[in-house]
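Q: next one to model:
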Amino acid sequence: MGYTLPSPDSPREQIRALTAEKESIESQLEAQISILKANNATMQSPLVDPDGFPRADIDIYAVRGARVRVIELRNDLGGVMSKIGTALERVYDPAVVAQMEGPPSEEGEQRPFAKVNGVAPGSPAAEAGLQREDLIVKFGSVVQGSLLQSVAELVGANENRSITIKVLREDKVVFLTLVPKKWGGRGMLGCHIVPYP
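A: Predicted coordinates for the structure are as follows:
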């Protein structure tokens with residue numbers, strides 16, 4: 001009798017992978033903070049003396065590099081923590097579990113639950129490659145059986161963070177990465193989504 005490996009797409013496996021990624025980011029963060037400590041510097045310490053000259057008692061290049069990396073790593077950590085939270089919801093939220101265990105379609109694939117009715121030029125949706133008439137199969141953690149309000153809530157909770165979208169375009173599956181953010185137009189997406197069918 002063979003042993004079946006857990007699916008890498010299962011929420012529990014995703015949580016394990018994300019936890020490993022989180023620990024990796026945290027260790028990198030500690031390394032950068034130790035560079036700051038070695039120079040008796042913080043994220044806010046001035047890099048020039050009272051006369052406006054570069055301080056001679058610290059390695060300015062190393063401190064500036066460490067500060068930039070700390071900011072990047074903190075942003076990455078926030079994104080990973082958000083993904084872990086979403087994955088944990090999928091494991092423990094009965095409503096999400098019921099959705100995931102609902103009757104599959106004939107090919108075992110999820111069905112579209114929304115349709116893109118319009119995309120504004122220069123919007124985050126346009127930058128992601130979303131097109132009018134795209135059928136949305138999955139928007140982050142939102143799938144068929146969810147209300148469109150769930151998409152709005154997910155977008156609001158993930159400003160400036162990547163969301164993976166699975167769409168059907170002319171009967172082909174396309175994966176896109178959308179980053180909701182404030183732009184020159186209305187909302188954080190710049191597209192109009194309607195229920196489907």
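Q: what is the least confident helix or strand in this protein?
A: helix 94-100 (a mean of 52; mean pLDDT, DSSP states H and E).
Q: what's the next secondary structure element after it?
A: Counting by DSSP states H and E, the next helix or strand C-terminal to helix 94-100 is strand 114-119.
Q: may I have the following helix or strand past that next one as CSV, with CA atoms only?
A: Where DSSP H and E defines the elements, the next helix or strand beyond strand 114-119 is helix 124-128. Presented in CSV, the C-alpha positions along helix 124-128 are these (Å, rounded to 0.1, in the frame of the first residue of the first chain):
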residue,chain,number,x,y,z
PRO,A,124,-4.3,48.6,-10.9
ALA,A,125,-6.6,46.1,-12.7
ALA,A,126,-5.3,47.2,-16.1
GLU,A,127,-1.7,46.9,-14.8
ALA,A,128,-2.4,43.4,-13.7
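Q: so Leu130 sits against His192, correct?
A: No - if you go by C-beta atoms under 8 Å, Leu130 and His192 don't touch, sitting 10.7 Å apart. Glycine gets a C-beta too; all of them are placed from N, C-alpha and C.
Q: which of these two has more neighbours?
A: Comparing Leu130 with His192 by other C-beta atoms under 10 Å, the one with more neighbours is Leu130, at 23 against 15.
Q: contacting residues around the more buried one?
A: Leu130 makes contact with 116, 119, 165, 167, 176, 178, 191, according to C-beta atoms under 8 Å, 6 or more residues apart in numbering.
Q: phi, psi for the last one please.
A: Pointing back at Cys191 there. Taking degrees, to the nearest 10, you get phi -140, psi 160 for the backbone angles of Cys191.
Q: skipping adjacent residues, who's closest to it in space?
A: Ala125 (3.7 Å; C-beta to C-beta, 6 or more residues apart in numbering).
Q: rewinding a little: between the contacts of Leu130, which is closest to Arg55?
A: Sorting these by how near they are to Arg55, with C-beta to C-beta, puts Leu178 at the top with 42.8 Å.
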